[in-house]
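>>> okay, sequence plus prediction incoming.
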Amino acid sequence: MVYLAVDIGASSGKLVKGHLTSDGRVEMETIHRFPNGPRKKDDGTLVWDLEGLYQGIVEGLRKAGKADYIAIDTWGVDFVLLDENGEMIGDPVSYRDGRTDRLDTWPDQNMLYERTGIQFQRFNTIYQLLSLKQEHPEYLEKSAYMLFIPDYLAYRLTGVMKHEYTFASTTNLLDPEKRTWDYGLIRDLGLPQHLFVELSDPGTEVGRLKPDLAERIGYDPMVILSPSHDSASAVVGAPVGDKSIYLSSGTWSILGCVEEHPHKGEEAKKANLSNEGGVDGTIRLLKNIMGTWMLQCLSKETGAGFDELESEARSAELPGIIDASDSRFLAPESMSDEICSALGRTDLSRGEIASAVYNSLAIAYRDAIDEMERITGRTFEHIAIVGGGSKDGYLNALTAMYTHRTVTAGPGEGTAIGNLLYQMISTGELRRENKNDVLRKSVKIDQYRRLD
């Protein structure tokens, strides 16, 4: 069977075609890429071009020529509201927009963590909805449906609305033990309860393409739900074992471990850990850390390629360490200036700024792993780095150095291959227990020696 993974991050999207060979390997081919990124409106609001993303998917489907199944994953948190006719209400606002900064009243954080186990981030879905309630209550009053970004794109393809569980778990509105909405919390916040409908697990069939679209591309694959939050797919694509912690390294760095039950105690709350939904009833205990976003911004601002930034960082003096999770780095006018300001310096070279980013990220990983060991009572000897950031040899080496743990790096397309692997598991072509063996046969995985 032929599978298509639609993998869309905050800066780009792609369609990856794959199948399982007779000798137990996944053969993958990226058949189409398209841009993504928030656009600033005249009033300053950052919004997504969802029509452009949909057209990018359709073009990729056309290029693929054939597929039996297709599944979509994207970044988390963001959503759209639709009216009775399925038409969008308002703009698809990006999590990088500052609308939640204008909230007059914030829910009690202790109460929220006890109920949902989700780390505090100002852009979480809960706060975006509350900002809508404050600034555009008419949108919520008119809304008949709420769809998360991958669910909306699947709806555009099929006309069928589903609400996938792993993505819903990022909203800060879910009961992680019952794996369903916390309707008491939703009522207490004054949010429209009808928007929060039954959730579907990864692997659920959504439906066939709309007839006109199937005719346009020349075939009719079944759309199914992958773990549609990209970090949930990335965990499937990571070669993790009992003593492993995973790091999905990309625009965001998401570091975590797979647990059977949520951790919602005081220590987990202080560490700002998040209990998000994983596949097969598991919990992904994780921490979001600002990832290669800062390096992406430096590259764009200075015109230096990533290889050039890495080379300069290797040879530069380390000017200091910054808090890699500080919200000041979410969307600054100038990332270089913001980093210099955080370090209290105005005389830093490009290489010194990059050195501060690299070392600060590796230290943030170390500190997060130490927290997780303390909270879970487990020992993690291995860090499995997947995603685009796994190709950054300098960051991988620094991570091994600071953490004193063995690091493996790869697959670079961790989210896409995780999406494909779970489709194969869902159709019964691949057995769950064989997943890691297939993964190791299929992709190049580098190792960085543990430094004691």
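Received it, and whenever you're ready, just let me know what you need.
>>> V206 falls within a strand, correct?
Yes: counting by DSSP: H, G, I helix; E, B strand; the rest coil, V206 falls inside a strand.
>>> residue contacts, it?
The contact partners of V206, taken as C-beta atoms under 8 Å, 6 or more residues apart in numbering, are 154, 158, 160, 162, 222-225. All C-beta atoms are positioned from the backbone trio N, CA, C, and that covers glycine.
>>> can you list which of the residues you listed are found in strands?
When the contacts of V206 are checked against strands (DSSP state E), the matches are 222-224.
>>> how about the helices in the stretch 101-250 of the chain?
Counting by DSSP state H, counting those that start in this stretch, the stretch 101-250 of the chain forms helices over residues 109-116, 125-135, 137-142, 149-158, 165-168, 183-188, 211-217, 230-236, given from the N-terminal end onward.
>>> tell me the buried residues in the strand or helix carrying G351?
Assigned by DSSP states H and E, G351 belongs to helix 350-376. For helix 350-376, the buried set under the neighbour-count rule, 16 or more other C-beta atoms under 10 Å, comprises 350-369, 371-372, 375-376.
>>> moving C-terminal from that helix, which element do we reach first?
Past helix 350-376, the next helix or strand by DSSP H and E is strand 382-386.
>>> next, the angle from that following strand to helix 350-376.
Interaxial angle of strand 382-386 relative to helix 350-376 (axes from the mean of the first three to the mean of the last three C-alpha atoms, to 10 degrees): 130 degrees.
>>> whatever helix or strand comes next after strand 382-386 packs against which elements?
In the C-terminal direction, the helix or strand that comes right after strand 382-386 (DSSP H and E) is helix 393-403. Identification of packing neighbours for helix 393-403 by 3 or more C-beta pairs under 8 Å, 6 or more residues apart in numbering; DSSP states H and E yields helix 306-315, helix 350-376, strand 382-386, strand 406-409, strand 446-448.
>>> gap between A238 and S390?
Between A238 and S390 the distance is 10 Å, computed by C-beta to C-beta, to the nearest Å.
>>> who touches both of these two?
Taking C-beta under 8 Å, 6+ apart as the contact definition, A238 and S390 share the neighbouring residues G414.
>>> one step back: of all the helices and strands packed on helix 393-403, which lies closest to A214?
The minimum distance between A214 and the helices and strands packed on helix 393-403 falls on strand 382-386, with 33.1 Å, by C-beta to C-beta.
>>> how far off centre is that closest one?
16 Å (C-alpha atoms, centre = their mean, to the nearest Å).
>>> partner strands of that strand and their direction?
Paired neighbours of strand 382-386 in the sheet (DSSP bridges): strand 244-249 (parallel), strand 406-409 (parallel).
>>> highest mean neighbour count out of those strands?
Burial of those is given as mean neighbour count (mean count of other C-beta atoms under 10 Å); strand 244-249 ranks first at a mean of 27.
>>> ok, and what's touching that strand?
For strand 244-249, the external contacting residues (C-beta under 8 Å, 6+ apart) are 230-231, 234-235, 238, 240, 253-258, 291-292, 365, 369, 372, 380-390, 392, 395, 399, 414-415.
>>> just the buried members of those residues?
Of the members of the contacts of strand 244-249, the ones counted as buried by neighbours, 16+ other C-beta under 10 Å, are 230-231, 234-235, 238, 240, 253-258, 291-292, 365, 369, 372, 380, 382-390, 392, 395, 399, 414-415.
>>> where does pLDDT dip in this structure?
450-452 (pLDDT under 70).
>>> at 80 what do you get?
252, 449-452 (pLDDT under 80).
>>> okay, now the domains of it?
3-224, 238-410 (automatic domain parsing).
>>> let's have these in a markdown table, adding distance to D446.
Formatted as a markdown table, the domains of the chain follow (distance: least, C-beta to C-beta, whole Å):
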| stretch | distance to D446 |
| --- | --- |
| domain 3-224 | 18 |
| domain 238-410 | 5 |
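>>> looking at the helices and strands packed on helix 393-403, which is closest to I72?
Comparing the helices and strands packed on helix 393-403 against I72 with C-beta to C-beta, the closest turns out to be strand 382-386 (18.7 Å).
>>> now render the strands paired with strand 382-386 as JSON lines, adding distance to R99.
Below are these laid out as JSON lines (distance: least, C-beta to C-beta, whole Å):
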{"stretch": "strand 244-249", "distance to R99": "26"}
{"stretch": "strand 406-409", "distance to R99": "37"}
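>>> closest to Q423 out of those?
Closest to Q423 of those is strand 244-249 (C-beta to C-beta; 18.6 Å).
>>> once you drop chain neighbours, what's closest to R187?
Closest residue in space to R187, ignoring its immediate chain neighbours: Q193 at 6.4 Å, by C-beta to C-beta, 6 or more residues apart in numbering.
>>> tell me the contacts of the one you found?
With contacts defined as C-beta under 8 Å, 6+ apart, Q193 is in contact with 183, 186-187.
>>> does A316 really touch N359, like I thought?
No: A316 lies out of contact with N359 (C-beta atoms under 8 Å); the separation is 10.3 Å.
>>> check which helix or strand the residue with the largest distance to the centre of the chain maps to.
For the chain, the C-alpha farthest from the mean C-alpha position belongs to D347; by C-alpha atoms, centre = their mean, that distance is 34.8 Å. Under the criterion DSSP H and E, no helix or strand holds D347.
>>> show the contacting residues for it.
Applying C-beta under 8 Å, 6+ apart, one finds that D347 lies in contact with no residue.
>>> now do the phi/psi pair for it.
The phi/psi pair for D347 (degrees, to the nearest 10) reads phi -110, psi 20.
>>> list the contacts of I89.
For I89, the contacting residues are 80-83, 139, 142-143, taking C-beta under 8 Å, 6+ apart as the criterion.
>>> so which of these belong to strands?
80-82.
>>> got a markdown table for these, with neighbour count and distance to Y3 too?
Below are the ones in strands among the contacts of I89 laid out as a markdown table (neighbours: other C-beta atoms under 10 Å; distance: C-beta to C-beta, whole Å):
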| residue | neighbour count | distance to Y3 |
| --- | --- | --- |
| V80 | 22 | 26 |
| L81 | 23 | 31 |
| L82 | 19 | 28 |
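>>> just the closest of the residues you listed to A304, please.
The shortest separation between A304 and any of these is 36.0 Å, and it belongs to V80 (by C-beta to C-beta).
>>> correct me, but that closest one touches L53?
No: look at V80 against L53 with C-beta under 8 Å: they stay out of range, at 11.6 Å.
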